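Asker: need coordinates for the following:
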Amino acid sequence: MPWHALLAAAADPGSPVDSAVTYVLNYGILGVVALAFAFRFIVPRSAVDDARTQARADLSKENDRLIKEKAHAEEQRDDALRIAQDQVVPLLVSFNATVAALLPLLQELVSRREGHDRGTGHP
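Answerer: Modelled structure (predicted):
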């Protein structure tokens, strides 16, 4: 028994797909080639070339998009760094100067409060 006949016999006769496969396989190697084209096991050379060209174009577009996105992210990073240098650093310096000026006043206030509480007997 030829191999395509065995393959056709293995198919369930109740399924419409299997009966169509059996019908096509009865044509021999021509049926096998037709099924291979139908199920995309064999792909025409022009389709491969078209797919390759499309894939390269898609890859080029994605590469351009990623380059633009990277440039935008770098601009945002540079802007954030510039803001930090121009606004946040002077603010921190001012904060440190204010805390340094207030610290002796706060220590004196606490020491007076402790002395006041010791003198009156309140905890």
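
Asker: the longest helix along the chain: what's the following helix or strand?
Answerer: As assigned by DSSP state H, the longest helix anywhere in the chain is helix 45-83. Sequence-wise, the next helix or strand downstream of helix 45-83 (DSSP states H and E) is helix 89-120.

Asker: got the angle for that following helix vs helix 45-83?
Answerer: Here helix 89-120 runs at an angle of 50 degrees relative to helix 45-83 (axes from the mean of the first three to the mean of the last three Cα atoms, to 10 degrees).

Asker: average pLDDT for helix 89-120, rounded please.
Answerer: Across helix 89-120, the average pLDDT comes to 86.

Asker: who does it touch, helix- and strand-wise?
Answerer: Helix 89-120 sits against no helix or strand, with contacts defined as 3 or more Cβ pairs under 8 Å, 6 or more residues apart in numbering; DSSP states H and E. Using the backbone N, CA and C atoms, a C-beta is placed for each residue, glycine as well.

Asker: run the chain-centre distance for that helix.
Answerer: 51 Å (Cα atoms, centre = their mean, to the nearest Å).

Asker: Ala34: neighbour count?
Answerer: Ala34 sits with 14 neighbouring residues when counted by other Cβ atoms under 10 Å.
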